[in-house]
Each structure stands twice: as structure tokens, then as C-alpha cells.
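[1] take this sequence and fold it.
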Amino acid sequence: MQKSIAIWLLACCALVFAMVVVGGVTRLTHSGLSIVEWQPIVGTIPPLSQSDWEILFEKYHQTPQYQKVNLGMSLDEFKGIFWWEYFHRLLGRVIGLAFFIPFVYFLARKGIDRRLGLKLTGIFVLGGLQGAMGWYMVKSGLVDNPHVSQYRLTAHLGLAFIIYAAMFRVALGLLFPADISHGNIRLRSLHRFSLGLTTLIFLMVLSGGFVAGIHAGMAYNTFPLMNGHIIPPEIFMLEPWYRNFFDNMATVQFDHRLIAWTLAILVPIFWFKSRNLPLPGSAHLACNMLLIMLMVQVSLGIATLLLVVPLPLAAAHQAGALLLFTAALWVNHQLR
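    As a prediction, the model looks like this:
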């Protein structure tokens, strides 16, 4: 039954991956503020009549986004942004059911021991918190500012990655129990190196959340310099100084680039170190995939920046971040 549980968790990972991509498109199309209420049950049903649409559109008229950004928007244009947010929320509900129903089934079949049950319960709780965080994020854009808080956006994104990582690691543990001895000092060192890289990738994801939250990708659309500078002169223009790391486009984008450059140096070093150890073929494959995904992700990031954040590339860049994170988690497991 463990194999069935692992396959179920990997299917949930695939749904979370889709959720991250759809969430990215929802943000990029400025659709996230089109639904102004949080109705976990009733909200599952979409508008079914013209009067339903008019009621929703009238509620949207009261939002800062309509009054300050989309004043005069037609009902058909509203439908265009509504459906992205609707499907994003619907996918969240689908993920909740896809996790909860099999969880109850496996519990009833006594296929989950106490330790695994605690892990899965924790993941389910995180999923509930993620739904609440999503609404908490949307609320920040329904008051005065027609944009959601970059802090809440980043927390929402980071929590999605944490949930994904928890399910993926549990699934790998069920499918491929660790079989490499920790007696090898070089192997332990490489494992610690991989954990550090995974942490750095997660930090890059969080920095990307701030880039998205303040639209920093719309500025400094040159590479490798930032408008002719290695370090832009306005990097500490805000007071107090720490606000620059969250509110200053120059600083936020510089930090994101700096982490990417750091990974571009460290991951090849890690890969070369892995080649000199007697690892199983699957471990070498995981290390190769980490290097390949980093190159793909960096290329997507540069293209997205230079072309001023086109929707397809930006969505691919967000998807690439999760694939790179996945490769790092796989490496961690192989070296565990």
C-alpha cells in the first residue's frame, strides 16, 4: 500500500504544480482581485446567468482596482480576468479534496502508521492555512491599494512550495528508502552542500515573490548590468534602510539576480564534486538534472527580463522555479 500512497502524493504534487502555474498567470493578468468574496462552498458554483454576472461585476465596481485601474471595463473584459481567478480557486478546492478523500481512505484501510499519519495531517493543516493565506493576500488589494501586498504574496508562494516539498519528500521516502551509507565523509559533505543549495533555491523563490509583488521585473530590463551598473546607485534610496529589501525595485531585483549568480557558481561546483564520488546511477542522474534545470531556469529568467515580462515566459519561469526546487529535493533524497 505504500506505493499507492506515494503515487497519490505525487499526483497531489502535480496538482500543486498546476496551481503554482495558474496562480502565476492569475497574477500576471491582474485577475486575482476580480472575486471580492471568499466563499469556500458557495463559491464553487460559477455565474450561471446574466444576472449573476451583473451582480459580481457590480461588486467589482466597488474595488480600488476597478476605480483606479480598470475604470470603464466592460463585462466581457471582466469575464476574462474572472475566469483565471475562479479556476485558481477551484483548483485549490480540487487539491483539498484530492488530498482529504484518499487520506481518509488509506486511514480506514489501516495503510498509514502513526508517524506517517502525523506527517500527512501536518500537510493537510498547511493546505488549510494556504487557503486562508490566499484570501488574506487578496484582501490586501481590496482596501485602498489596487495591488496585493508583496509580503502576503510571497508568503502565499512560499507556503505552496513548502506544501509541495513536504508531499514530494514523503512520497520519495515511501518509494525509495535511503540505501547509501553515511559512513562516507565526502558523501555527508556533499549532502550538506545539497541542503544548502536547496535552501538557497527556496530563498530565490521568495525573492522572486517580492520581484513579482512590486513589479520589479518591469524595470532594469538589461543584462548582465542593471541599466549600465553592476550595483544600481538607487539600491538604498529608501528610509529606513531595511525597507529597500522589500519595497525598492532596484534592491529587490538585485537580490534576486545575486542569488541566481550565486547558484550559477555553486551548482556547477556541486556537480563536479558529485562526479568524483561513487554514487548510484540515480544519484548522478539527479545531480545532472539539477544542473540542467538551473541552466533552463536562468535562461528563462534572463529572457523574461529582457523581453519585459511576457506572459508565456513569465509563467514558464515560475514553473521552472518549482522544477528546479524539485530537482534539488530529489538530489537531497538520493544523498540522504
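[2] helix or strand for the residue sitting nearest the centre point of the chain, which one?
    Closest to where the C-alpha atoms of the chain average out (CA atoms, centre = their mean) is Leu157, at 4.4 Å. Per DSSP states H and E: Leu157 is located in helix 150-175.
[3] and that helix, what does it pack against?
    If you count contacts as 3 or more CB pairs under 8 Å, 6 or more residues apart in numbering; DSSP states H and E, helix 150-175 packs onto helix 2-28, helix 114-139, helix 185-213, helix 244-247, helix 311-334. All C-beta atoms are positioned from the backbone trio N, CA, C, and that covers glycine.
[4] what's the closest of these to Lys68?
    Comparison of the helices and strands packed on helix 150-175 against Lys68 by CB to CB identifies helix 114-139 as nearest, at 16.4 Å.
[5] select the longest helix from this structure.
    If you go by DSSP state H, the chain has its longest helix at helix 75-108.
[6] rounded mean pLDDT for that helix, please.
    What helix 75-108 shows for mean pLDDT is 96.
[7] let me know the angle separating that helix from helix 114-139.
    170 degrees (axes from the mean of the first three to the mean of the last three CA atoms, to 10 degrees).
[8] what residues of helix 75-108 count as buried?
    Of all the residues in helix 75-108, those buried under the rule 16 or more other CB atoms under 10 Å are 78, 81-89, 91-92, 95-96, 98-99, 102-103, 106.
[9] same check, this time on stretch 284-291
    Buried, per 16+ other CB under 10 Å, within stretch 284-291: 284, 286-287, 289-291.
[10] list of residues touching that stretch?
    With contact meaning CB atoms under 8 Å, 6 or more residues apart in numbering, stretch 284-291 is reached by 197, 267-268, 270-271, 274-275, 279, 324, 327-328, 330-331, 333-334.
[11] which two from those end up farthest apart in space?
    Farthest pair in those (CB to CB) is Pro268 and His333. Separation: 21.1 Å.
[12] the two: which has the busier surroundings?
    Higher neighbour count among Pro268 and His333: His333, with 21 against 13, using other CB atoms under 10 Å.
[13] that one and Pro278: what is the separation?
    18 Å (CB to CB, to the nearest Å).
[14] thinking again about what came up before, most neighbours out of the contacts of stretch 284-291, which is it?
    Val331 (29 neighbours).
[15] wait, doesn't that one sit right on Leu195?
    No - Val331 lies out of contact with Leu195 (CB atoms under 8 Å); the separation is 9.4 Å.
[16] ok, back up a step: the residue nearest to the residue nearest to the centre of the chain when sequence neighbours are not counted: neighbour count?
    Spatial nearest neighbour of Leu157, excluding adjacent residues (CB to CB, 6 or more residues apart in numbering): Gly209 at 4.4 Å. Using other CB under 10 Å, Gly209 is surrounded by 25 other residues.
[17] show me what contacts Gly209?
    Counting by CB under 8 Å, 6+ apart, Gly209 makes contact with 150, 153-154, 156-158.
[18] helices or strands up against the longest helix of the chain?
    If you count contacts as 3+ CB pairs under 8 Å, 6+ apart, helix 75-108 packs onto helix 2-28, helix 50-61, helix 114-139.
[19] point out the most buried one among the helices and strands packed on helix 150-175.
    helix 311-334 (a mean of 21; mean count of other CB atoms under 10 Å).
[20] just checking, Val22 touches Phe87?
    Yes - applying CB under 8 Å, one finds Val22 in contact with Phe87, separated by 6.1 Å.
[21] skipping its backbone neighbours, what lies nearest Ala11 in space?
    Leaving out its chain neighbours, the residue that sits closest to Ala11 by CB to CB, 6+ apart is Ala98, at 7.0 Å.
[22] same deal with Ala283?
    Nearest non-adjacent residue to Ala283, counting by CB to CB, 6+ apart: Gln334, 3.9 Å away.
[23] pLDDT score assigned to the one you found?
    Reading off the model, Gln334 has pLDDT 92.
[24] report the contact partners of it.
    The contact partners of Gln334, by CB under 8 Å, 6+ apart, come to 180, 279-280, 282-283, 286-287.
[25] distance of it relative to Gln39?
    Gln334 is 44 Å from Gln39, by CB to CB.
[26] one more: Ile7?
    Note on Ile7: its distance to Gln39, by CB to CB, is 32 Å.
[27] likewise Phe223?
    Phe223 sits 44 Å away from Gln39, going by CB to CB.
[28] go on, Gly122?
    Gly122 is 27 Å from Gln39, by CB to CB.
[29] same question for His317.
    Noted for His317: a distance of 32 Å to Gln39, by CB to CB.
[30] what does Tyr66 give?
    Distance from Tyr66 to Gln39, by CB to CB: 20 Å.
[31] contacting residues for His30?
    Going by CB under 8 Å, 6+ apart, His30 touches 65, 69, 81.
[32] SS state for it?
    Per DSSP: H, G, I helix; E, B strand; the rest coil, the secondary structure class of His30 is coil.
[33] so which helix or strand takes in Leu238?
    Applying DSSP H and E, one finds Leu238 in no helix or strand.
[34] please look at it and Asn244 and confirm they touch.
    Yes - the pair Leu238 / Asn244 is scored as a contact, 4.9 Å apart, by CB under 8 Å.
[35] what is the neighbour count of the residue nearest to Arg109 when sequence neighbours are not counted?
    Leaving aside its chain neighbours, Arg109 sits nearest to Met1 (6.9 Å; criterion: CB to CB, 6+ apart). A count of nearby residues for Met1, using other CB under 10 Å, gives 11.
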